[in-house]
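> my questions concern the predicted model and sequence given below.
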Amino acid sequence: MLRNGLEPWHLLILAIVVIALFGSKKLPETARALGKSMRILKSEAKAMKEADAQGPRTDPRA
């Protein structure tokens, strides 16, 4: 059923549906917001990796 995954015509239909739902005026704003969110997610993931590399933190209250 899903042997080939996404083919080019699947992406074309998906693009048409997205444009029909959101309209061409909202797409740049949505793409910009998605890009900003991805940058924030990437920086947070990098900060978490750096914190893990420094070693586990101990809780001074314990």
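Sure thing, it's come through.
> show me where the chain has strands.
Secondary structure of the chain, counting by DSSP state E: no strands present.
> what's the single longest helix in it?
Scanning the chain for the longest helix, with DSSP state H as the assignment, gives helix 27-54.
> for that helix, name the packing helices and strands.
Contact partners of helix 27-54 among helices and strands, from 3 or more C-beta pairs under 8 Å, 6 or more residues apart in numbering; DSSP states H and E: helix 8-22. In this view, the C-beta of every residue, glycine as well, is placed from N, C-alpha and C.
> ok, and what's touching the helix it packs on?
27, 30 (C-beta atoms under 8 Å, 6 or more residues apart in numbering).
> off-centre distance for it?
Taking the mean of its C-alpha atoms, helix 8-22 sits 19 Å from the chain's own mean (C-alpha atoms, centre = their mean, to the nearest Å).
> which residues touch the spatially most central residue of the chain?
Residue closest to the mean C-alpha point of the chain, counted by C-alpha atoms, centre = their mean, is residue 38 at 4.8 Å. If you count contacts by C-beta under 8 Å, 6+ apart, residue 38 has none.
> show the pLDDT at it.
Residue 38 is assigned 95 on the pLDDT scale.
> and what of residue 43?
Model confidence at residue 43, expressed as pLDDT, equals 95.
> export the lowest-mean-pLDDT helix or strand in the chain as CSV, just CAs?
Of all helical and strand segments in the chain, the minimum by mean pLDDT, DSSP states H and E falls on helix 8-22, at a mean of 87. Presented in CSV, the C-alpha positions along helix 8-22 are these (Å, rounded to 0.1, in the frame of the first residue of the first chain):
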residue,chain,number,x,y,z
PRO,A,8,6.1,13.7,-6.9
TRP,A,9,2.4,13.8,-7.7
HIS,A,10,1.6,13.3,-4.0
LEU,A,11,3.6,16.4,-3.2
LEU,A,12,1.8,18.3,-5.9
ILE,A,13,-1.6,17.4,-4.6
LEU,A,14,-0.5,18.3,-1.0
ALA,A,15,0.7,21.7,-2.2
ILE,A,16,-2.6,22.4,-4.0
VAL,A,17,-4.6,21.4,-0.8
VAL,A,18,-2.4,23.6,1.4
ILE,A,19,-2.7,26.6,-1.0
ALA,A,20,-6.5,26.1,-1.2
LEU,A,21,-6.8,25.9,2.6
PHE,A,22,-4.6,28.8,3.6
